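In: starting from these lines, generate the structure:
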Amino acid sequence: MNKFLLALVLFPSFIFAQDNTTTKPKSEKNPDKFKQMYDLLATPNMYRTASGAPGPEYYQQKADYKIDIELDDKNAKLAGKETITYTNNAKESLDYLWLQLDQNQQSRKSLSPLVDSNVTDPVSSPKGFSRKYLEEDFDGGFNIEYVNDALGKPMQYSINQTMMRIELPKPLAKGEKITISIKWWYNINNYRLDGGRSGYEQFPDGNRLYVIAQFYPRMAVYNDVEGWQNQQFWGAGEFALPFGDFEVNITVPADHILEGTGSLLNRNEVFTPAQVARYAQAEKSFDKPVIVVTQAEAEVAEKGFSDKKKTWKFKAENVRDFGISTSRKFIYDAMAVQLGSKTAMAISLYPKEGNPLWEEYSTRIVAHTLKSYSSHTFDYPYPKAISINAEDQGMEYPMICWNWGRPEPDGKYSDRVKHGMMSVIAHEVGHNFFPMIVNSDERQWTWMDEGLNSFMEYMALIEWDPKFPVDRGPAKSMVPYMSGDEKGLEPIMSNSESIRQFGNNAYGKPAAALNILRETVMGRELFDYAFKTYANRWKFKHPTPEDFFRTMEDASAFDLDWFWRGWFYTTDNVDMGIKEVKKYFVSNDEPKEVKDFLKTRRRRNRIEGPMVYMVSEGSESFKASMNKPFEIKDSKSLETYINETFSKEEQAKLKTPKYFYQVTFDKPGGLVMPIIVELTFEDGTTETHRFPAQIWRMNDKEANRTFATDKKVTKIVLDPKEETADVDLTNNTWPKQEIKSKFD
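Out: Next up, the predicted model:
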């Protein structure tokens, strides 16, 4: 029990009275930031429940592939044929099938360049200017040779840009399967000249390093939310794909080293005996990578240009896609990673141009990322995770990703290059969890994979090194973006193709939001439990934003509608400040200016005995409300009251504040956030107080708190550790301090 609260009850009339005469404000619509989100979220149903979990009627389709491809290294062409077995698990029948032809974005007929309003500057980018305006357009789209049924008979199909519709001879009913065969080829793009998420990198000696993806016609997703997800691929919104099993045979020059999604079935045929032995050693090495293909071996191979061929055979189960990387320049290292009861392999492939940086760090950060993500979600279920060094790239596929970052030709590199390379590896390897396993719709909601993954990347890098220079995740990193002109901003809940500042909106802001949710709003224990629940509910399934929002609340008993509404559906920012501080102190001495007033009051109300006064510090006048009569039947000094009322043991537990600080906080910004206040006392010690966001529920403009202290406060700071992404810190300190500009 707080004894000064009791004292104020006993002596209410002697609190310093304030003049509260104000002009009645204009009537405003109540801006209820805490209203429930029924107006924004999809209605729960038997497919997706109100708790955020898959419902009893949830289903998803299955697409299994058998693919044979061959790389023509001399002409940079890829040819292949595939057999797709598609299973319809929906209750409704399907009249046709939609497949993705994302490589058609590289076609001369692609519409993507026609919607690009950016101007290429001939001075800053002469190669890009030449490629865009002076040279003949590269033609890298799919050339479909046939689409046949299981009996080899042609099937009717039509192509609309990056989507292909295959007509079915009869509707495909629930539980039925259909088998389709497709043969195709295309010219592989030089991604450094023509852009793209895959292609090849050309080296001066004639060698190429291939990172191959979107290389086959891929089934689109059909589900309970979208029906067919057949939005065109314009370049920004990535991919939505169903799960299935893959058998893939890849024929490349015999001197190439190759890796891809899935388990390699014929290692003894494609590696030398010495390399096979080294790989076996790597499978037992949990503390450091083992070099499987040495730099010396790679340097010999890159000079050969063999005209012989090798076929690499892979099998992958329950994956949504397939990626490949191959080159005769590759060095290869690997190590084992223990993840619960399972062991996975962390693997890196890189040219000599990546050393010594890649040999030192790549596979180690792959292993660390798998451990970190697994601890926050579920144990990584796949047999391996591969990091490929491809300059100017950062892209992910199941079990494999390509990452930029190389030292200078002399082998030297800066901390900036090292940390950048490690960050992109952690990010792209982390995509194995989001969205390769927790399989959200990237074509629609980029933040559901990039934002969640950037948040997980932040935690992984901080766990690697608490001082790691992360640029996405900390709340303050989003201040420049969120304080910008709202005309140039979109809510996080925007379609991928409608986002202007892609990195800030889809990566940085959701990462910062989740970090704030974990550290400042919910606390780590509740957040981590709820986040892990979401990951496990939706692994190997297709979640929506509603499924994430609802699960986070369902598993934590935390009402977060105000948070999702503000951070994800608006472009509001955070700006809270200290508007006013009123200081009072406790005194047994009767203020001089009160004596005459109190003499009258004592006679009228028969007040006897000493009293305790709350005196406004620095006040030179005393105002009393004469139109509010009061009556006090008894009064004692605070000290007398305490001694008579409480035992010595009880007195030892009582607080004994001497000072009171009534603080008014205001909120110029639109977002509601918790109030975090640090008090600094005259002896240099500090004290932190935290108030939940609901403190704003009755008044979206102002909130008041009184701090009772036994020491004099010399400084009050709002959000002292910059946890809330407050865009203006100039109003966060009392007494107000002059903040030097960056120029100063």
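
In: what residues does stretch 490-501 touch?
Out: Stretch 490-501 is contacted from outside by 234, 236-238, 442-447, 451, 481, 488-489, 505-506, 509-510, 513, 545, 567-571, using CB atoms under 8 Å, 6 or more residues apart in numbering. Yep, even glycine has a C-beta here, placed from its N, CA and C like the rest.

In: looks to me like residue 583 is in a strand.
Out: Yes: judged by DSSP: H, G, I helix; E, B strand; the rest coil, residue 583 forms part of a strand.

In: that one reaches residue 661, doesn't it?
Out: Yes: taking contacts as CB atoms under 8 Å, residue 583 lies within contact range of residue 661: 5.7 Å.

In: neighbour count: those two, which is higher?
Out: residue 661 (21 against 16; other CB atoms under 10 Å).

In: any idea which element that one lies in?
Out: Secondary structure from DSSP states H and E places residue 661 in strand 659-666.

In: quick one: list the elements packing against that strand.
Out: strand 577-587, strand 675-681, strand 702-709, strand 713-718 (3 or more CB pairs under 8 Å, 6 or more residues apart in numbering; DSSP states H and E).

In: strand partners (parallel or antiparallel) of it?
Out: If you go by DSSP bridges, strand 659-666 pairs up with strand 577-587 (antiparallel), strand 702-709 (antiparallel).

In: winner for burial among those?
Out: The highest average neighbour count among the strands paired with strand 659-666, using mean count of other CB atoms under 10 Å, belongs to strand 577-587 at a mean of 16.

In: how far does it sit from its chain's centre?
Out: In terms of CA atoms, centre = their mean, to the nearest Å, the centre of strand 577-587 is found 40 Å from the chain centre.

In: show me where the stretch 101-250 of the chain has strands.
Out: Along the stretch 101-250 of the chain, counting by DSSP state E, counting those that start in this stretch, strands occupy 143-149, 157-160, 163-172, 177-187, 199-202, 208-212, 218-219, 222-223, 227-228, 244-253.

In: now tell me which helix or strand of this structure has the poorest mean pLDDT.
Out: helix 3-10 (a mean of 35; mean pLDDT, DSSP states H and E).

In: which strands and helices lie in contact with the very next helix or strand once past it?
Out: Once helix 3-10 ends, the next helix or strand along the chain (criterion: DSSP H and E) is strand 62-72. Judged by 3+ CB pairs under 8 Å, 6+ apart, strand 62-72 is in contact with strand 77-87, strand 244-253.

In: burial count for residue 137?
Out: A count of nearby residues for residue 137, using other CB under 10 Å, gives 14.

In: quick one: contacts for the nearest residue to it once chain neighbours are set aside?
Out: Spatial nearest neighbour of residue 137, chain neighbours left out: residue 108 (4.8 Å); criterion: CB to CB, 6 or more residues apart in numbering. Contacts for residue 108 (CB under 8 Å, 6+ apart) come out as 137-139, 141.

In: then residue 150?
Out: Neighbour list for residue 150: 178-181 [criterion: CB under 8 Å, 6+ apart].

In: equivalent analysis for residue 304, please.
Out: Contacts of residue 304 (CB under 8 Å, 6+ apart): 255, 328.

In: that one belongs to a helix?
Out: No: looking at residue 304 with three-state DSSP, it is coil, so not inside a helix.

In: remind me which residues of this protein are low pLDDT?
Out: 1-30, 110-136, 586-639, 641-642, 654-656, 739-744 (pLDDT under 70).

In: what do you get if the cut-off is 90, keeping everything else the same?
Out: Across the chain, residues meeting the criterion (pLDDT under 90) sit at 1-32, 105-140, 194-196, 233-238, 304, 485-488, 496-500, 583-660, 708-710, 736-744.

In: neighbouring contacts of stretch 220-234?
Out: 42, 45, 47-48, 57-61, 88, 90, 94, 98-100, 102, 104-105, 111-112, 115, 160-163, 237, 239-242, 441, 443-444, 497, 542, 544.

In: which of the contacts of stretch 490-501 are buried?
Out: Taking 16 or more other CB atoms under 10 Å as the criterion, what is buried in the contacts of stretch 490-501 is 234, 236-238, 442-447, 451, 481, 489, 505-506, 509-510, 513, 545, 567-571.

In: want to try CSV for the helices and strands packed on strand 659-666, with distance to residue 67 as columns?
Out: Formatted as CSV, the helices and strands packed on strand 659-666 follow (distance: least, CB to CB, whole Å):
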stretch, distance to residue 67
strand 577-587, 60
strand 675-681, 55
strand 702-709, 61
strand 713-718, 59
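
In: closest to residue 645 out of those?
Out: When the helices and strands packed on strand 659-666 are compared by CB to CB, strand 577-587 sits nearest residue 645, at 17.2 Å.

In: for the lengthiest helix in the chain, buried residues please.
Out: As assigned by DSSP state H, the longest helix anywhere in the chain is helix 357-376. Neighbour counts over helix 357-376 (16+ other CB under 10 Å) mark 357-359, 361-376 as buried.

In: likewise stretch 541-558?
Out: For stretch 541-558, by 16+ other CB under 10 Å, it's 541-556, 558.

In: before we move on, what about stretch 674-685?
Out: 674-681.

In: I'd like those residues as JSON lines, with distance to residue 32 appended.
Out: Listed next are the buried residues of stretch 674-685 as JSON lines, based on distance: CB to CB, whole Å:
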{"residue": "674", "distance to residue 32": "18"}
{"residue": "675", "distance to residue 32": "19"}
{"residue": "676", "distance to residue 32": "23"}
{"residue": "677", "distance to residue 32": "25"}
{"residue": "678", "distance to residue 32": "30"}
{"residue": "679", "distance to residue 32": "31"}
{"residue": "680", "distance to residue 32": "35"}
{"residue": "681", "distance to residue 32": "38"}
